[in-house]
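Colleague: this one's sequence-less:
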């Protein structure tokens with residue numbers, strides 16, 4: 001299959017010109033190896049998926065690095081954690097940027113080793129699954145903001161109209177962009193590999209069937225507040241185990257954790273985070289929504305649409321080398337005049353300005369969809385910027401002077 005250009009490529013190139021080591025993280029099958037080989041073909045390439053290479057590096061890391069020279073790509077680097085210290089020593093010997101380009105799929109191991117051994121020498125970026133922009137081959141890589149300036153920049157560069165439910169149910173893994181690839185076979189193998197390799201290596205779970213049951217339970221809750229006790233009841237393990245397993249899903253890039261907005265001026269906001277699957281196709285597979293029609297009209301259609309939108313927004317930040325957690329949150333609480341439970345799906349904060357966003361499946365959003373935005377008026381310490389309803393509208397527009405209508409094709 002023809003290589004799909006990734007929007008993070010320019011960021012990686014930029015980092016290689018200012019850092020001695022760059023680490024590319026991301027879940028399995030998001031296209032790390034293909035990107036490295038296609039774009040950085042002038043680097044020597046080693047993968048620790050090759051058992052002989054892994055053993056040579058483990059037995060004598062210094063000799064291994066000497067023999068392979070620089071510039072060097074090391075794929076699945078988390079398999080040989082002892083090599084990080086040797087990379088530090090070798091990188092320090094030369095006053096040269098872009099010596100080592102590392103990649104791996106186990107974020108927990110990678111972050112620990114990189115932070116301990118390569119502090120100040122390594123830049124870390126995360127490659128997500130394909131974005132709608134990448135699938136549509138759009139030449140547009142601005143991070144998403146719900147503003148009219150952003151909308152104006154997107155005009156002429158929006159994604160073409162498509163059956164969004166086909167994309168949601170198939171998912172955004174590069175391999176699945178081959179129309180002949182069977183999605184069930186792909187996800188069967190994906191889950192099996194993830195359980196047998198990553199999960200066992202990270203926490204050494206003995207009962208993989210139980211962990212699979214846990215993944216299904218979590219997938220049914222994409223877009224919801226995390227309720228550890230409820231998941232524990234489904235899986236029949238204790239809540240502490242569920243907390244540990246949730247952490248595993250997050251650190252292996254299967255889910256996002258979106259945290260609630262924290263501000264003393266909102267006194268009745270809850271503190272429970274929400275979870276989202278990173279890829280809707282995987283979530284649909286686990287929850288057995290396997291056809292477009294059943295998903296589009298089924299009980300999880302709103303949750304899957306919201307999961308897709310949140311994921312696309314986060315990708316626009318990741319592809320610019322930005323950590324979404326520093327910019328994004330949500331609100332849920334009782335700070336409105338009626339003191340009833342109210343929610344704002346997403347808040348993006350940048351330069352002391354808060355941008356509120358609602359996500360709706362409708363094609364015709366109304367003022368009722370943004371009634372909770374007024375809660376933010378209680379925040380006097382920050383400016384409230386333009387808001388938006390992201391939906392299935394045919395074209396961009398506005399509800400009032402402060403709130404825009406943004407089709408999902410503009411994300």
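Modeller: All right, it came through fine. Please read all numbers here as calculations on a predicted model, not as lab measurements.

Colleague: number of nearby residues for residue 148?
Modeller: 14 (other Cβ atoms under 10 Å). Where you see a C-beta, it was placed from the backbone N, CA and C, and this is true even at glycine.

Colleague: hang on, isn't it packed against residue 403?
Modeller: No - counting by Cβ atoms under 8 Å, residue 148 does not reach residue 403; the two are 10.6 Å apart.

Colleague: can you pull the contacts of residue 385?
Modeller: 147, 353-355 (Cβ atoms under 8 Å, 6 or more residues apart in numbering).

Colleague: got a markdown table for these, with distance to residue 164 and pLDDT too?
Modeller: Shown next, in a markdown table, are the contacts of residue 385 (distance: Cβ to Cβ, whole Å; pLDDT from 0 to 100):
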| residue | distance to residue 164 | pLDDT |
| --- | --- | --- |
| 147 | 23 | 97 |
| 353 | 29 | 97 |
| 354 | 28 | 98 |
| 355 | 23 | 98 |
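
Colleague: now do the contacts for the residue nearest to residue 341 when sequence neighbours are not counted.
Modeller: Spatial nearest neighbour of residue 341, chain neighbours left out: residue 334 (6.1 Å); criterion: Cβ to Cβ, 6 or more residues apart in numbering. Neighbouring residues of residue 334 by Cβ under 8 Å, 6+ apart: 268, 340-342.

Colleague: repeat that with 10 Å
Modeller: By Cβ atoms under 10 Å, 6 or more residues apart in numbering, residue 334 lies in contact with 266-270, 340-342, 375.

Colleague: how near is it to residue 373?
Modeller: Distance from residue 334 to residue 373, counting by Cβ to Cβ, to the nearest Å: 16 Å.

Colleague: could you count how many residues lie near the closest residue to residue 292 other than its chain neighbours?
Modeller: Excluding the flanking residues, the one nearest residue 292 by Cβ to Cβ, 6+ apart is residue 165, at 4.7 Å. Using other Cβ under 10 Å, residue 165 has 22 other residues around it.

Colleague: quick one: the helix or strand containing residue 165 to chain centroid distance?
Modeller: Applying DSSP states H and E as the criterion places residue 165 in helix 164-170. Per Cα atoms, centre = their mean, to the nearest Å, the displacement of helix 164-170 from the mean C-alpha position of its chain is 17 Å.

Colleague: which other residues reach it?
Modeller: If you take Cβ under 10 Å, 6+ apart as the criterion, helix 164-170 is touched by 130, 132, 135, 159, 163, 176-177, 179, 181, 183, 186, 279-281, 283-285, 289-297, 301, 304-305, 307-309, 311, 361, 392, 407-409.

Colleague: cool, stretch 260-267 as well?
Modeller: So stretch 260-267 is contacted by 225, 269-274, 328-335, 343-344, 346-347, 349, 354, 356, 375-382 (Cβ under 10 Å, 6+ apart).

Colleague: among those residues, which are in helices?
Modeller: Of these, none are assigned to helices by DSSP state H.

Colleague: quick one on the thing from earlier: helix or strand next in line after the helix holding residue 165, which one?
Modeller: Counting by DSSP H and E, the element that comes right after helix 164-170 along the chain is helix 183-193.

Colleague: contacting residues for the residue nearest to residue 33 when sequence neighbours are not counted?
Modeller: Of all residues not flanking residue 33 in the chain, residue 75 sits nearest, at 5.6 Å (Cβ to Cβ, 6+ apart). Contacts for residue 75 (Cβ under 10 Å, 6+ apart) come out as 24, 32-33, 36-37, 45-50, 53, 101-105.

Colleague: narrow these to those in helices?
Modeller: When DSSP H defines the helices, the subset of those inside them is 32-33, 36-37, 53.

Colleague: so which helix or strand takes in residue 299?
Modeller: Using DSSP H and E, no helix or strand contains residue 299.

Colleague: residue 288 is in contact with that one, correct?
Modeller: No - counting by Cβ atoms under 10 Å, residue 288 is not a contact partner of residue 299; they are 11.9 Å apart.
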